[in-house]
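1. Just to be clear, the model below is a prediction. Sequence and coordinates:
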2 protein chains.
Amino acid sequence: MHIVLVHIHIKSEAVEHFKVATAENARNSIKEPGIIQFACLQQTEDPSRFTLMEVYRTPNDQLLHRETKHYQAWRDAVGEMQSEPRQGIKYQNVFPDDTEWK
Amino acid sequence: MHIVLVHIHIKSEAVEHFKVATAENARNSIKEPGIIQFACLQQTEDPSRFTLMEVYRTPNDQLLHRETKHYQAWRDAVGEMQSEPRQGIKYQNVFPDDTEWK
């Protein structure tokens, strides 16, 4: 799998709006054939910090995701909600393996 | 859900041993009734850096996990493999909700 953890810091006044916009993007993203899992996590000790876990079959599936209307609407909406640029870090799965990832 | 991302930096000579020990711990951990998902991710650009994603039903399920033999064996084995202390950060799920998390 091609996995990306995206760390996002949101202005406090935009936190609830960010959650709504990101859930909408996630609901559409999990319908993409190249996306295995798409989760949005909110830090317990600092609710202005979020991490997205995006699990793609291949790196090309991430490129296809970026061409979708739902991603582009999310990207355009959240840009001004961020208090600093978001950071994406790429990973490979050690466990579970590709066949066992649900 | 009670979700923990654990960031771990491993000495380069211990990377393969760490992957074996962590996969063994993960295989046992996903059998725990309080654990919904347990994944080990290796950074693509720096293979000495790993992130565990641990998804528990409740905070108490994390405490129960720490009492298992497989966790304690992993903890004891990886301590000296680390090049710095590991860091766990706690999260709540925004998406998907508890009923939809597979």
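-> Great, that's in hand.

2. Look at residue A:73 and report its pLDDT.
-> In this model, residue A:73 is scored at 97, pLDDT.

3. Secondary structure element holding it?
-> helix A:69-78 (DSSP states H and E).

4. likewise residue A:88?
-> Using DSSP H and E, residue A:88 falls in strand A:87-95.

5. average pLDDT for that strand?
-> 98.

6. Provide the strand pairings for that strand, with the direction of each partner.
-> Strands that pair with strand A:87-95, judged by DSSP bridges, come out as strand A:2-9 (antiparallel), strand B:35-43 (antiparallel).

7. how many other residues sit next to residue A:26?
-> Neighbour count for residue A:26, taken as other CB atoms under 10 Å in any protein chain shown: 21. C-beta here means a position set from N, CA and C on the backbone, and glycine is covered the same way.

8. Wait, a helix at it?
-> Yes. Membership of residue A:26 in a helix is supported by DSSP: H, G, I helix; E, B strand; the rest coil.

9. residues in contact with it?
-> A:38, A:39, A:40, B:95, B:96 (CB atoms under 8 Å, 6 or more residues apart in numbering or on different chains).

10. let's see 6 Å
-> A:38, A:40, B:95 (CB atoms under 6 Å, 6 or more residues apart in numbering or on different chains).
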